[in-house]
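Participant: just the structure for this:
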Amino acid sequence: MKFALASTLLLCGSAAAFNVTPEKKNLAAANKNLVSVMAAGVIGAATLMPLAPAVAADSLILGTPLQGKLENFGSSSYSVFNSVSDVNPLAQKFVEFIDKKIKAPDTAEVAQKAVEGLLAIPDSAINEYRGVLKQVVYSGVSKDNCVTLGGSGEAAKTLANSAAIKSLDSDKIAALKTKFNPANSAVPTKDGNLCLPGSVAASEKLWVAQAELTSSMPKAEAKALADSIKKAGAQIPRTAIATLVPSAESAFSKSPEAKKMADAGKDVEPSIIAIAAAALK
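Facilitator: Model (predicted):
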């Protein structure tokens, strides 16, 4: 489905979070607002991908400090996402950035490995995620009463029309759409845009649930995805990340709330990197 496919490109842009080597893990710190760039993409996917693949038979999220940090990001970002009027210009800038900075075969490989990873997630995990979306995150939310992420429908189209996504096999795209339909059907839309969670508490649950979903990706597929993103991310100079910041600030503003969201994102990143490093060994 288109939102899951769009997220694969966003994963390229968030390559620092997948890079578990000490000398690379601070790539995201190139600018204090980078988390806003990443968050814009992550929220644009109905099957939301967290910032790194965590793989284990038991939960690596629930009951851990990471759960609290994810909940804090969900809380901090709630008002910011609700105030976004149009996220598509940031998506356009992101695609342009990826096309200029990363070799086409490498972005295509990331897209391919991401699709393979998503397809490998057990159906039971997707059904569980659907239950959280329907019963908790979007409880009481419908197209008639929701606040949408402005421009998210067009942003998804922008990302889905990128070269990397277009390089994917049509049969796998169809299979992905079918696989994630249960979860997608639980996400209300209005005028083509994604509806946002109806409360701060619901937003907190969303970020934890998406991390739980990704944690069910089998280790082999998750490692292949992480390796491909590491390869692609190595092509991005740290200083180049700053060119995305004006577009991110335009989408999210420079408000105290946006800064709080950025700080929460920076706080959660080391925990995600550490868990990914441990899980993929």
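
Participant: which of the residues in stretch 62-70 are buried?
Facilitator: By neighbour count on 16 or more other CB atoms under 10 Å, the buried set for stretch 62-70 is 66-67, 69-70. To be clear about C-beta, it is placed using only N, CA and C from the backbone, and glycine gets the same treatment.

Participant: ditto for stretch 176-190
Facilitator: Neighbour-count burial for stretch 176-190, counted by 16+ other CB under 10 Å, picks out 176, 179-180, 182-184, 186-189.

Participant: out of those, the closest to Lys259 would be?
Facilitator: Val187 (28.2 Å; CB to CB).

Participant: rounded mean pLDDT for the one helix or strand Lys223 maps to, please.
Facilitator: Secondary structure assignment for Lys223, by DSSP states H and E: helix 219-233. Helix 219-233 shows a mean pLDDT of 87.

Participant: which secondary structure elements does that helix contact?
Facilitator: Judged by 3 or more CB pairs under 8 Å, 6 or more residues apart in numbering; DSSP states H and E, the packing partners of helix 219-233 are helix 2-13, helix 15-18, helix 104-120, helix 256-279.

Participant: buried sites along the last one?
Facilitator: Burial within helix 256-279, assessed by neighbour count using 16+ other CB under 10 Å, is assigned to 257-262, 264-266, 268-269, 271-273, 275-277, 279.

Participant: the helix holding Lys223 vs helix 256-279, what angle?
Facilitator: Angle, helix 219-233 to helix 256-279, by axes from the mean of the first three to the mean of the last three CA atoms, to 10 degrees: 120 degrees.

Participant: how far off centre is helix 219-233?
Facilitator: 15 Å (CA atoms, centre = their mean, to the nearest Å).

Participant: convert the C-alpha atoms of it to CSV, please.
Facilitator: Extracted in CSV, the C-alpha atoms of helix 219-233 (Å, rounded to 0.1, in the frame of the first residue of the first chain):
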residue,chain,number,x,y,z
LYS,A,219,16.0,-10.7,12.0
ALA,A,220,17.2,-11.7,8.6
GLU,A,221,15.0,-9.2,6.8
ALA,A,222,15.6,-6.5,9.4
LYS,A,223,19.4,-6.9,9.1
ALA,A,224,19.2,-6.8,5.3
LEU,A,225,17.2,-3.6,5.5
ALA,A,226,19.5,-2.0,8.1
ASP,A,227,22.6,-2.9,5.9
SER,A,228,21.1,-1.3,2.8
ILE,A,229,20.2,1.9,4.7
LYS,A,230,23.6,2.1,6.3
LYS,A,231,25.1,1.9,2.8
ALA,A,232,22.8,4.6,1.4
GLY,A,233,23.2,6.8,4.5
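
Participant: flag every buried residue along it.
Facilitator: Buried-residue list, helix 219-233, by 16+ other CB under 10 Å: 221-226, 228-233.

Participant: show me where the stretch 1-150 of the chain has helices.
Facilitator: In the stretch 1-150 of the chain, the helices defined using DSSP state H, counting those that start in this stretch lie at 2-13, 15-18, 34-42, 65-83, 88-101, 104-120, 123-132.

Participant: list the contacts of the longest one.
Facilitator: With CB atoms under 8 Å, 6 or more residues apart in numbering as the contact definition, helix 65-83 has outside contacts at 39, 43, 50, 60-61, 147, 149, 196-197, 199-200, 203-208, 211, 252-253, 255, 257-258, 260-261, 263-265, 267-268, 271-272, 275.

Participant: can you list the weak-confidence ranges in the stretch 51-200 of the chain?
Facilitator: Residue ranges of the stretch 51-200 of the chain with pLDDT under 70: 51-58.

Participant: rank the helices and strands packed on helix 219-233 by mean pLDDT and give me the bottom one.
Facilitator: Note on these: helix 15-18 shows the lowest mean pLDDT, a mean of 32.
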